[in-house]
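Peer 1: sequence unknown, structure follows:
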C-alpha cells in the first residue's frame, strides 16, 4: 500500500526546542508526523495550522487511559512545503511532504474527540471465524 508521509518541522530558532526530544535523548525539529493513505494528493498548505491533541483527565476513558480526549487548532503555522516523490516503483512511500512551521500561538476552542462504536457492537451479526 502506498502512502504519503507528512512531516511538520519547526523553522530554525523557534521556541520549545529543548522539549522536542527523540527517544534516545537527542533533540529534533520534528513537531508532528501524519500518514495519508487516501491517495487524494491533498497536502497541508502555507498558512494552515495542524491540530493539537490533548488529554483532559476528567474525560479519560478507563479502557484507553492515555488516549487524547480533545483537540484544538494548534499553535504552529505552515510556512513552507516541500514535496519529494518516490523514485522507485517498489517504495512503501509514494511521497514525502516536509512542512516547515513557525510558532504563532492562537486561542482556539477545545473540541471533544468522538469515539467509535465498541468492538462488540461492530461484531453483532458477523460470524466469528476460528
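Peer 2: Okay, I see it. Just so it is clear, the model here is predicted, and its values are computed rather than measured.

Peer 1: which residues touch the most centrally placed residue in the chain?
Peer 2: The residue lying closest to the centre of the chain (C-alpha atoms, centre = their mean) is residue 34, at 4.2 Å. Taking C-beta atoms under 8 Å, 6 or more residues apart in numbering, we find residue 34 in contact with 5-6, 8, 50. (C-beta placed from N, C-alpha, C; glycine too.)

Peer 1: Does residue 83 lie in a helix or a strand, and which?
Peer 2: According to DSSP states H and E, residue 83 maps onto strand 70-85.

Peer 1: pLDDT averaged over that strand, what's the number?
Peer 2: The average pLDDT within strand 70-85 is 92.

Peer 1: Torsion angles phi and psi at the closest residue to residue 68 other than its chain neighbours?
Peer 2: The spatially closest residue to residue 68, leaving aside those adjacent along the chain, is residue 53, at 3.8 Å (C-beta to C-beta, 6 or more residues apart in numbering). When read as degrees, to the nearest 10, the backbone of residue 53 gives phi -110, psi 130.

Peer 1: surely residue 53 meets residue 67?
Peer 2: No: if you go by C-beta atoms under 8 Å, residue 53 and residue 67 don't touch, sitting 9.1 Å apart.
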